[in-house]
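Q: no sequence on this one, just coordinates:
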């Protein structure tokens, strides 16, 4: 059996004046129950670490599940599109960095990130992807960008423990803030040996970013979908985020066993 730790972030509060995707239900307190149900029905992690960005509204955790660890920052570092001028990392990136370090210091083999608005489908989804990683000798896998304007998707990804220090170091070596170079591009740079040696100022130019995402070679997982639409709930394995109310209801009716 594979040993892995699931990490996630948490933010729930008032609208902060930025554009959002998906129905408001996915940003609400109650959605956590559906997220958690998705996790326990389809995965078997050693720990579930949730990193809170000093949110005014906390999730209702299952206190009977000893695998859950909940930790809060003492400040809200903001979204990558709306950050404080002195911040290098947004709240999302900070939660990932902390969760990665936690996993590296634990007795585990893999770190699995599942964003707070992601729903998984397919029992053994993580073990199936890890089996592919082992077969192909991959140290990480991210979601394919598909029709999204990014080089990768990072709402659901897996990193082998031995690769964590190198990955974290590469992220810290990028001097620009998440508002200057978005987290998706930073993650691509961190796993791309060529991009690590390129002047990072190139990534400030949108035309260069467009060219880069057409040429970069990244290890993508074999399943869909993340933000990609449309998606097929009949797939053996899948994940999606930014769900509409219709998509969330369809998922829940098809997959989720009601919790007592």
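A: Good, I have the coordinates. Nothing here was measured: the structure is a model prediction, and the numbers come from that model. Residues are numbered from 1 along each chain as shown.
Q: list the contacts of residue 184.
A: With contact set as C-beta atoms under 8 Å, 6 or more residues apart in numbering, residue 184 has these partners: 150, 151, 152, 153, 154. Backbone N, C-alpha and C define where each C-beta goes, glycine included.
Q: for residue 242, see how far away the fourth one is.
A: Taking C-beta to C-beta, to the nearest Å as the measure, residue 153 and residue 242 are separated by 11 Å.
Q: what does the third one give?
A: Counting by C-beta to C-beta, the separation of residue 152 from residue 242 is 16 Å.
Q: tell me which of the two has more neighbours.
A: Just comparing residue 152 and residue 242: by other C-beta atoms under 10 Å the higher neighbour count belongs to residue 152, 23 against 17.
Q: residue ranges for the helices of this protein, please.
A: 31-42, 91-104, 125-136, 164-172, 183-191, 193-196, 206-215, 245-255 (DSSP state H).
Q: what's the angle between the third one and helix 31-42?
A: Going back to what we said before, that points to helix 125-136. Put simply, helix 125-136 runs at 60 degrees to helix 31-42, going by axes from the mean of the first three to the mean of the last three C-alpha atoms, to 10 degrees.
Q: sorry, back to before: give me the common contacts of residue 153 and residue 242.
A: residue 227.
Q: residues near residue 211, how many?
A: There are 12 residues near residue 211, going by other C-beta under 10 Å.
Q: how much space separates it from residue 142?
A: 19 Å.
Q: over to residue 155?
A: For residue 155, the distance to residue 142 - C-beta to C-beta - is 9 Å.
Q: those two: which has the busier surroundings?
A: Between residue 155 and residue 142, counted using other C-beta under 10 Å, the more crowded position is residue 142 (25 against 20).
Q: residues in contact with that one?
A: 152, 153, 154, 157, 187, 191, 218, 219, 220, 221.
Q: many thanks, I have nothing further to ask.
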